[in-house]
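Enquirer: 3D model of this:
(one chain, ligands or ions: 2)
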Amino acid sequence: MSEMHRFENDLELSYTRSVARYLLTGGEAPLEEAYELGRKKLTAGGGVLDMVNLHHAAITSILKDDSIGLPPAETIRRACEFLAESMSPFEMTHRAIGEANSALRKLNETLEEEVQRIALALHDDAGQLMVAVHLSLDEAVRDMPAEIQGRMSGVRTLLGLVEDRIRDLSHELHPALLDHLGLIPAIEFLAANVSQRTGLRITVDSTLDVRLPPAMAIAFYRIVQEALTNVRRHAQATRVRIRIGRSGPQLRCTVSDDGVGFDPAKTVASNFTGLGLRGIRERLHALGGKLRIQSAGGRGAKVEATAPLQVVHADSTSARRRSSRGSRRVARHP
Ligand SMILES: Nc1ncnc2c1ncn2[C@@H]1O[C@H](COP(=O)(O)OP(=O)(O)OP(=O)(O)O)[C@@H](O)[C@H]1O
Ligand SMILES: [Mg+2]
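Expert: Ligands and ions are numbered 1, 2, ... in the order given. Model prediction:
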């Protein structure tokens, strides 16, 4: 008999003995055993349904023998009490998961506020400094010979490019589009910028016809942002396809590339230091969703994020109108 089978058998025997004792005598001691047995089952990876099956098997075998001599209503009451006690470790774990998720959501909100602060600082402070640099440059070259003034116009053009890049980055960090128009326009903007910077051909296909609550929209925006950053840094890809839509009651978003691919199992090894995929996973957990990665060496990678779809109803008509554009290529490079 395998170790696992022995464990299951012992647990079933102990459970049956304890529940029989409780039916016969009542009292605290069997209930403490019920709690302990539930905890053991939980630690061994068992679920709520396993516990119910265990209980069912125990009660069936006890009631074959009618020596208990209790009225049926009392038997049922005591059996239920015992079951409830054995389930309480599951209930506590369930609550702890809820608390951890809400702590994670709060952490994400704090991080978002910080990102917003940095985005605004980048936009306003760096923007102002660039204006000051332009003005000082104008002043410095005003009395210089025409030839030097000509050369300075090249510097001005470069400064203009720096200014544009800073503005784009600040908008990518916290896109006003996300607040005003929703997830899809914000992702199209991000994709267009990344495409322009990197030469990647990126398409965005959306069939999303509802407006998402801000926490969900920002989470999926960050997920796509990290997935695109990974493609740019690791994939050596030429094309990326972003797809967003419903899949039953879920919101589903995939980012697929045609790059070198990777072994997803290695990235979850404990000594792996990358934070990006872990961050995606945690954001999704906080929304009750999950991450799946499909990749085989040399044949690209597909990052798939799903989470239960939450919808903002008040604004859904205008959101539908806006997102009815469907599939569209946001940028094309030769
Ligand atoms: N699209 C992709 N193509 C090829 N490899 C990828 C792709 N996405 C992720 N990877 C691989 O998975 C690893 C983990 O990605 P992850 O985003 O978690 O970390 P990172 O990008 O290395 O670092 P960080 O995101 O913390 O800056 C990467 O180092 C890379 O090897
Ligand atoms: Mg990364």
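
Enquirer: show the pLDDT at the residue in the stretch 51-200 of the chain that ligand 1 sits nearest to.
Expert: Nearest to ligand 1 in the stretch 51-200 of the chain, going by CB to the nearest ligand atom, is L200, at a distance of 11.2 Å. Every residue, glycine included, has its C-beta placed from N, CA and C. Here the pLDDT value assigned to L200 is 95.

Enquirer: equivalent analysis for the one 10 residues further on, please.
Expert: The per-residue pLDDT reported for V210 equals 87.

Enquirer: not counting its neighbours along the chain, what's nearest it?
Expert: The shortest distance from V210 to any non-neighbouring residue, by CB to CB, 6 or more residues apart in numbering, is to V311 (4.5 Å).

Enquirer: need the contact list for that neighbour.
Expert: The contact partners of V311, taken as CB atoms under 8 Å, 6 or more residues apart in numbering, are 210-213.

Enquirer: longest helix of the protein?
Expert: The longest helix of the chain (DSSP state H) is helix 72-121.

Enquirer: returning to what we had before: number of nearby residues for the residue of the stretch 51-200 of the chain closest to ligand 1?
Expert: Residues lying near L200 (other CB atoms under 10 Å) number 22.

Enquirer: up against ligand 2, what does this protein have?
Expert: Residues of the chain found near ligand 2 (CB under 5 Å from the ion) are 230, 276.

Enquirer: pLDDT weak spots in the chain?
Expert: For the chain, the stretches with pLDDT under 70 are 1, 65-67, 268-273, 313-334.

Enquirer: what residues does it have near ligand 1?
Expert: 230-231, 233-235, 257, 259-262, 267, 274-278, 301 (CB under 6 Å from any ligand atom).

Enquirer: F262 and G298 touch, don't they?
Expert: No: the pair F262 / G298 is not scored as a contact, 10.2 Å apart, by CB atoms under 8 Å.

Enquirer: of these two, who's got more company?
Expert: F262 (17 against 9).
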